[in-house]
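> A predicted structure for the sequence below; I have some questions about it.
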Amino acid sequence: PPDVERLGRHTWTFLHTTVSYFAPQPTPHQKSSMLGLLNALPTLYPCGSCAGHLRDYMKSDPPERAVEQGREALELWLCKVHNEVNQRLGKDEFDCATVPQRWREGWPD
Ligand code: FAD
């Protein structure tokens, strides 16, 4: 089975980076592609218990409205998803106001 920590770190990098470069005003094709990517995770993510938790979470907080609204709303949505996992694993909560610096602009020196 995959190394769940390493898989997680790299998956979060991919997801947060992809969401940070999502269009501020996405086209219908961009919206449906993003929803396809996110909604596939509970089925395809190769850590079964992680995928199960994610499925439950996404039932109560689905990504459709955030995808409809574009980059900024989706950055916040994904930050909340990740914070829910952080909380479950006893990790620190991440300040969602800093997502653009962390994943797109880079931290100031
Ligand atoms: P990670 O949590 O991997 O975070 C990487 C970096 O992202 C951090 O260093 C920080 O800079 C940034 N970051 C942290 N929080 C946020 C946030 N809220 N928003 C934006 N950026 C942030 N592991 C399990 O053991 N059980 C699970 O059920 C589980 N479910 C998972 C579900 C998904 C969808 C994913 C992608 C991963 C899951 N993992 C799970 C793995 C877990 O979340 C971590 O990736 C792993 O434990 C390594 O943690 P880390 O401390 O290196 O930092």
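Received it, and whenever you're ready, just let me know what you need.
> okay, and the residue in the chain that the ligand sits nearest to sits in which element?
The chain approaches the ligand most closely through G8 (2.3 Å), counting by CB to the nearest ligand atom. C-betas here are computed from N, CA, C, even on glycine. Using DSSP states H and E, G8 maps to helix 4-20.
> quick one: buried residues of the following helix or strand past that helix?
Under the assignment DSSP H and E, the closest C-terminal helix or strand after helix 4-20 is helix 28-44. Of all the residues in helix 28-44, those buried under the rule 16 or more other CB atoms under 10 Å are K31, M34, L37, L38, N39, L41, P42.
> just the closest of these to P2, please.
Checking those against P2 by CB to CB gives L41 as the nearest, at 14.3 Å.
> the ligand contacts on this protein?
4-5, 8-9, 11-12, 16, 41, 45, 49-50, 53-54, 79, 82-83, 85-86, 89, 91, 94, 99, 102 (CB under 6 Å from any ligand atom).
> repeat that for 5 Å
Within reach of the ligand by CB under 5 Å from any ligand atom, the chain has these residues: 5, 8-9, 11-12, 50, 53-54, 79, 82-83, 85, 94.
> just the buried ones out of those residues, please.
Of the residues of the chain next to the ligand, these count as buried by 16+ other CB under 10 Å: G8, C50, H53, L54, C79, H82, N83.
> from F22, how far out is the second one?
Here the criterion is CB to CB, to the nearest Å. By it, C50 lies 23 Å from F22.
> CA atoms only for the helix holding G8, dumped as CSV, please.
C-alpha atoms of helix 4-20 as CSV (Å, rounded to 0.1, in the frame of the first residue of the first chain):
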residue,chain,number,x,y,z
VAL,A,4,-0.2,7.6,3.4
GLU,A,5,1.8,10.6,4.7
ARG,A,6,3.9,11.1,1.6
LEU,A,7,0.9,10.5,-0.7
GLY,A,8,-1.0,13.1,1.4
ARG,A,9,1.7,15.7,1.2
HIS,A,10,2.1,15.4,-2.5
THR,A,11,-1.7,15.3,-3.1
TRP,A,12,-2.3,18.4,-1.1
THR,A,13,0.5,20.1,-3.1
PHE,A,14,-1.2,19.2,-6.3
LEU,A,15,-4.7,20.1,-5.1
HIS,A,16,-3.9,23.4,-3.4
THR,A,17,-1.7,24.5,-6.4
THR,A,18,-4.3,23.5,-9.0
VAL,A,19,-7.0,25.4,-7.0
SER,A,20,-4.7,28.4,-6.6
